[in-house]
Every structure is written in structure tokens, then in C-alpha cells.
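> this one's sequence-less:
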């Protein structure tokens, strides 16, 4: 049995320089980019793929990204729009653990967490240039890093009872029938994209940050935030091939022009 | 017998965005950076370490870097200031083959060329994101790539008789007594720095693009042009350790504030 409905949950926007979106190419200058989460209503559970950025964390640690997120654009606000509650979520699947993809993980108290093994290890032992990316680990109290930003983070402030179960994966993995995590490393060490096949036969391929936008894919230009640019280019090529071979619709992570055309909650894909 | 004199040959300037100089950190905005070559007068030969950018090539293929180079800042012009001619050069050693480090290689008709084996292979088979970096291969007619910029380059226009001998190296290598190539990969696949010990005992460590400037080293921030950022960070750490252990003076590649303090030809280090 496959999933019947997929909701895109608008999570607000961040500001980034064009040189960060298109590595070494630009053009430079501020660009406002969307962030969103994906809720997959599956007969065997409710899967949340990525959870956007935490507003308070981003305001405190990365204020230069100028986060904008209304209460309605919080994950609980968006889940409510779609007719769900945070406690309905049984699976949280993260493409990677950068702060703008796991910001509401810590609200999913009934979920098991799924990610690539290498991503978990990268969050534990990030490269120096990844420290800000992996700055919001409030959802993983078992990772004992000193938080970036100089102040104790949520887990030191009494969230202590929240200690989620992690399932660490390797290789492409089918999490539930028709929901496949696809290895696309490079942006981060254990980055994955998600391919969802609905019971209608529709196939949705969520690139996550392996391709910020359609222009990234068209030009072969990866984002400036990356762990391994050579792997990043290969992963982007893999996504393009996979979409063509399997007839997938592509959903990019951070492109305003694309996001404007997607159906958002309470609308859904079926 | 070690070298007696080292000349720094001013090769003019390029313009780059601050986000290219300090990866993902900036601040953004145009910054004018110096390029220079190093002439080592050694009892067993005249070694040229890097040769700056070719003005015509840069104007044609990378005009957005706004090259500025007076005739006196050409390598032949600078060699003349120091009392040498291009035909005196017996060894051309390249840190790597990006256009702003090998632009006058093709004028050194009496020299053997030395570089890391991996660098030669990278120039033959660059990553897509390295195409502009490796755009000036006019000095290596044996590399049969289609040149970037859409026009036939020098080697197709009758330089045909210039076919230099390459010595491809692996590991740290002493090229002549006291002149050591040091592996510092990351910025490019086969990037090397150069440590020169003079007969006076003075030790000069030319980082090349493993560290654009002192601020790069102090902040651990690598440049945005790179092949492997993880290796880049390690290489920068290696340079800092090496300089401390061996008591070397550090010479950075592309920082105006540092370059302003260096002695330039016709002055020299001894």
C-alpha cells in the first residue's frame, strides 16, 4: 500500500547571497529563498520529510539570514492547516541536518528519526566550515557538541526527556512502501533526496539541497554550501537521470520561482 | 649549494568578490587582489615559481576579473627589472595550473616544467566547475582540451614548436638543493606550495593558493575556488605547522595588505 496524499508545508523564507546559491557564479546580491517540509500521508504512518528552520534559533545564531516565518508558517501551524497534529507524525526523515532542514524535529515527540549514517556522523564531527550549518542539534540530545552561538541550546534548558530513536541508514532505502531515500551526497556528507510514489502512480522526487532550484540543474551549478563539490555534481546528475528514467516530477528545495508553482497545504498532491 | 637571491615579480591585479576570497563568509563586494611570480636565483639554475596571469587571455576569457597589468608588470618586464631574461629560466614550477598562475609559462622556452602529477591530470580532465580555472593551457600543447572562451587559443595559432618537457611529481619533492615543493592539495587536485631555504639560512614559504592571505590562515577560511574543501583546510593547517616548526616566513598569494609589505623586484630577499 502506497501513500495517498503529499502536502508541502510552507516554512517561511531566508535571505542568502546569490553567490551562495550559485557557487562562484552568482550573480551576487541578496536573494530570498523558500524553505518547506513535506508531509506524506501513508497507510503505515505519517512521514515528515525535513522540518524547515527554527525561527528562534535562526534569529539568534544566523540573524544575517534574516528569517521570516509567521506563526502559520511554523510546522505545527502548517500541519494544522493540512488537518494534522505534530503528535500524528510517526516518521521524521531528514535529507540532512543543516539547521534549515531540521528546525522543528524537536517537536515530533512520537516519531522515529531516519537519516543517513554519514549525516549523523557529520553532525557529531562537522568540518570547521560546517559549524553554522549544523548549529541546531536541539533534536538530538545524544550528540554532545558545544552549540554554535555561545548560549546553551534547547536541550540544556530542560527538554531533557526528549531523546528520540534514530535509525541510521546506508545506501538507498525504502522507508515505507513507495517512499525511497536516495543517496545524493556532496552538499553534506550523508545528504539524501526522497522519491515518493503515490498510489495514483504519480512520482515526486524531492531533491532537497542536492539541487536548490531548476536553474541549478540546468546549469550544473551546485550551491556554495557543500562538503564535497565533486560528489555534489555527480549527485545532481544522478537526480536528473533518475527523474527521466522513472518519470518523476522534480521538487527543488530553495527556489522562489519553483515554489510559487507548487501546490501548498492545505492543497495536496494525490 | 643553496639559492642566494629570491625576487618577487609583481604581476598586476585582478578583481574578485569577497565571497570568492573568503568562502561563504565574505563580506561580499569587489576586492582587488595582487598576483605575482617568484624568481629563485640558484647556483644550479633559475627557477620561476608560478607566472601570473596572461593579460590577453584574461581580458578575453575572464574579463569580469578586470585584469590590470602594465607592460612593466608582465613577466618579461619584471625579469628585466631584476636583471634577467625569459631565456635564463631553466625551471618553471607551478603551484597549480589555474590561469592566474601559469599565464606566462609559454614564454619560458628554455625551461623544464615541474608540477604535481595530479595537477597535470586535473588540467587534462577538469571538473565542470573548474573549466574557467584551467582555461589557459597555451603552455601545454600536449593537453588536447577544447579551450574555454570559444576561440582557438595560442597553441592553435602557430606556437606549435613550443612543446615543453614536463616533470610530473608525487609527494613532497626537493627540486634543487633547498627548494622544496610541498603538497597542499584542496584548492586544486595537485596544488603545491614552495619552501625555499636560502644560503643565508632564511626560509621562505610560499603558500600559493592554499592560503590567499594572512586573514585566511587566521580564520581558517579557505577560498571559494576549490576542488576539495576538507583537504584545503588540512593543507592550510599543514602550512601553519610547517612555518612554525621550521621557522619560515610566510608569503601569501593574493592579499593586497600582505603584498604591500613584501620586497619586490628589483629588490630581493637574500
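That came in fine, so what should we check first? In this text the structure is predicted, and so the values were computed from the model without any measurement. Residues are numbered from 1 along each chain as shown, chains lettered A, B, ... in the order given.
> Residue A:239 falls within a helix, correct?
Yes: going by DSSP: H, G, I helix; E, B strand; the rest coil, the assignment for residue A:239 places it inside a helix.
> contacting residues around it?
Under the criterion of CB atoms under 8 Å, 6 or more residues apart in numbering or on different chains, the contact partners of residue A:239 comprise A:182, A:184, A:193, A:205, A:207, A:210, A:211, A:217, A:250. All C-beta atoms are positioned from the backbone trio N, CA, C, and that covers glycine.
> The residues you listed: which ones sit near chain B?
If you filter the contacts of residue A:239 for contact with chain B, counting by CB under 8 Å from any CB of the partner chain, you are left with nothing.
> Among those residues, which ones are in strands?
Residues from those lying in strands, with DSSP state E as the criterion: A:182, A:193, A:205, A:207, A:250.
> Out of those, which two sit at the greatest distance?
Maximum pairwise distance among the ones in strands among the contacts of residue A:239 (CB to CB): 12.2 Å, between A:182 and A:250.
> What count of nearby residues applies to the nearest residue to residue A:22 once chain neighbours are set aside?
With sequence-adjacent residues excluded and distances taken as CB to CB, 6 or more residues apart in numbering or on different chains, residue A:22 is closest to residue A:221, at 4.8 Å. Around residue A:221 there are 23 other residues, counting by other CB atoms under 10 Å in any protein chain shown.
> Next one: residue A:221 from residue A:249, what distance?
Taken as CB to CB, to the nearest Å, the spacing of residue A:221 relative to residue A:249 amounts to 21 Å.
> Could I get the full set of strands for chain A?
All strands of chain A, identified by DSSP E, fall at A:5-17, A:30-42, A:45-49, A:91-93, A:112-116, A:166-169, A:173-176, A:179-183, A:192-197, A:203-208, A:249-252.
> Would you mind listing the buried residues in the first one?
Within strand A:5-17, the residues that qualify as buried are A:5, A:6, A:7, A:8, A:9, A:10, A:11, A:12, A:13, A:14, A:16, A:17, counting by 16 or more other CB atoms under 10 Å in any protein chain shown.
> same check, this time on the second one
Along strand A:30-42, these residues count as buried under the neighbour rule (16+ other CB under 10 Å): A:31, A:33, A:34, A:35, A:36, A:37, A:38, A:39, A:40, A:41, A:42.
> wait, the fifth one sits on residue A:260?
So the one you mean is residue A:36. No: using CB atoms under 8 Å, residue A:36 and residue A:260 do not qualify as a contacting pair, with a distance of 11.8 Å.
> Tell me which of residue A:182 and residue A:250 has more neighbours.
Comparing residue A:182 with residue A:250 by neighbour count (other CB under 10 Å), the higher total belongs to residue A:182, at 22 against 19.
> Enumerate every residue touching the residue nearest to residue A:22.
Under the contact definition (CB under 8 Å, 6+ apart), the residues listed for residue A:221 are A:22, A:23, A:25, A:215, B:129.
> Select from those residues the one having the most neighbours.
With neighbours defined as other CB under 10 Å, the most crowded of the contacts of residue A:221 is residue A:23; it has 24 neighbours.
> Could you pull up the residues touching the closest residue to chain B within chain A?
Closest residue of chain A to chain B, CB to the nearest CB: residue A:19 (4.2 Å). By CB under 8 Å, 6+ apart, the contact list for residue A:19 reads A:25, A:26, A:28, A:224, B:17, B:19, B:20, B:28, B:224.
> Let's see which of these end up in helices.
With helices defined by DSSP state H, the entries of the contacts of residue A:19 inside them are B:19, B:20.
> State the pair within the contacts of residue A:19 that is farthest apart.
Counting by CB to CB, the most remote pair of the contacts of residue A:19 is A:25 and B:28, 13.7 Å apart.
> Can you tell me which residues in the stretch 1-150 of chain A are near chain B?
Residues of the stretch 1-150 of chain A found near chain B (CB under 8 Å from any CB) are A:17, A:19, A:20, A:23, A:24, A:26, A:28, A:127, A:128, A:129.
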